[in-house]
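> Provided below are the primary sequence and the corresponding predicted coordinates.
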Amino acid sequence: MEPVEIIEKKSRFIAYAGKVNSEDEAKAFIDEKIREHKKARHVVFAYVLPNIEKCSDAGEPRGTAGLPLLNAIKRRGFCGAVVVVVRYFGGILLGKGGLMRAYGKAAGLSLDAHVLDI
């Protein structure tokens, strides 16, 4: 699946979405993106499976990265979905609201682009 990329105040947000059937598959998807983007400042993720919802801010301020990804999955009613958003810091601080909007937008665009795959 092709990633979706957005730029917000010189920071690059690269989003990936995929279908997973287990927590092990979700973790493998996340680990693959971490390996692909070793120089990234943050690799944020969220996934939803039956009876499991997990997310990580990956060093961003609490609640500003992983939660917007998780909410994007849940708003679309997906189960068995994982989203990873990679951020390459552009030198300009976005603030908590800016981070939440950027991560949420990237996740939403990626999920919408891959809706038939999930």
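Arrived safely, thanks for sending.

> Name the residues of stretch 1-12 that are buried.
If you call a residue buried by 16 or more other C-beta atoms under 10 Å, then stretch 1-12 has these buried ones: 3-4, 6, 8, 11-12. (Each C-beta comes from the backbone N, C-alpha and C, glycine too.)

> what do you get for stretch 13-29?
Neighbour counts over stretch 13-29 (16+ other C-beta under 10 Å) mark 13-20, 25-26, 29 as buried.

> Please report phi then psi for the residue nearest to Ala107 when sequence neighbours are not counted.
Counting by C-beta to C-beta, 6 or more residues apart in numbering, Ala72 is the residue found nearest to Ala107 once chain neighbours are left out, at 4.0 Å. Here is the backbone geometry of Ala72 (degrees, to the nearest 10): phi -60, psi -40.

> OK, contacts around Ala72?
46, 83, 104, 107-108, 111 (C-beta atoms under 8 Å, 6 or more residues apart in numbering).

> got CSV for these, with distance to Pro61, secondary structure and pLDDT too?
As requested, the contacts of Ala72 are arranged in CSV below (distance: C-beta to C-beta, whole Å; DSSP: H, G, I helix; E, B strand; the rest coil; pLDDT from 0 to 100):
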residue, distance to Pro61, secondary structure, pLDDT
Ala46, 16, strand, 98
Val83, 19, strand, 97
Gly104, 14, helix, 96
Ala107, 17, helix, 96
Gly108, 20, helix, 94
Leu111, 23, helix, 94
